[in-house]
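> Need a 3D model of the sequence below.
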Amino acid sequence: MSTTARKHEPAPATEADLLGLPEQGRGFELVDGELVEKQAGFRHGRAQFNLAGLLSPYRRGGGGAGSGGWWFLTEQLVGFSPSQILRPDLAGWHRERLSEPPEDDDAVVRVRPDWVCEIISPRHAAHDRIRKKRIYHAHQVPYYWLIDPRDESLTVLQWTARGYLEILVAQRGERVHAEPFPELDLQVGVLFGDDEAAPPAAGGG
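Numbering: from 1, shown residues only. Next up, the predicted model:
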């Protein structure tokens, strides 16, 4: 590549560039030194809101999650490296690893999440399935969930040294127990607007 060509290559974006955007870059994230705008819509927001509600028992150690509980944050900036500052749709931390969530909505959390969930946008499917997946794996995020409104599915991935291992795939109409929240009786359709069905009645004479 010639010196002239190199001179015209844009410099990688930085954290300062991200936070310098209007409203501190809300709606954007920094991926491989590139400012990327997130895409969202009604189905995206519904899945995000419904999943956050389903996980609420885990906030204070309920749902069999142990005494420590979790912090769950939506659209929180998480700094993995100077060129990788992502904004997961939802992310969770064990409270013993993140004692308090940031008070400033525009803060960058530097602690690696214990769980991340991304809700796939039709226009940015490769972004979540490839680029961000690589980053989460490189930084050893233990569990990565992908919710896909297009086929109304949930995919659960678990970190291994060789790559993420697909440990569960489920669609609307199924009930599952998904790591790292195995005590949660998750009706997948609730993520996509179904009403939570009552649990089956106990048998008896």
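> mind checking the end-to-end distance for stretch 26-46?
With Cα to Cα, to the nearest Å as the measure, the ends of stretch 26-46 fall 19 Å from one another.
> ok, now stretch 169-181?
Terminal residues of stretch 169-181 lie 15 Å apart, using Cα to Cα.
> in that stretch, what counts as buried?
Ala170, Arg172, Val176, Ala178, Pro180, Phe181 (16 or more other Cβ atoms under 10 Å). (Glycine included, C-beta is placed from N, CA and C.)
> And for that stretch, what's in contact with it?
55, 58, 63, 65, 114-115, 142-143, 145, 151-156, 158, 167-168, 183-189, 192, 194 (Cβ atoms under 8 Å, 6 or more residues apart in numbering).
> Average pLDDT for it, rounded please.
Taken as a whole, stretch 169-181 carries a mean pLDDT of 97.
> swap in stretch 134-143?
Stretch 134-143 comes out at a mean pLDDT of 98.
> quick check: longest helix of this structure.
Using DSSP state H to assign secondary structure, the helix with the most residues in the chain is helix 42-54.
> Which elements pack onto that helix?
Other elements packing on helix 42-54 under the criterion 3 or more Cβ pairs under 8 Å, 6 or more residues apart in numbering; DSSP states H and E are strand 70-74, strand 90-94, strand 115-119.
> Next, the buried residues of that helix.
Neighbour-count burial for helix 42-54, counted by 16+ other Cβ under 10 Å, picks out Arg43, His44, Arg46, Ala47, Gln48, Asn50, Leu51, Ala52, Leu54.
> next one: stretch 100-119
Quick answer for stretch 100-119 (16+ other Cβ under 10 Å): Val108, Val109, Arg112, Pro113, Asp114, Trp115, Val116, Cys117, Glu118, Ile119.
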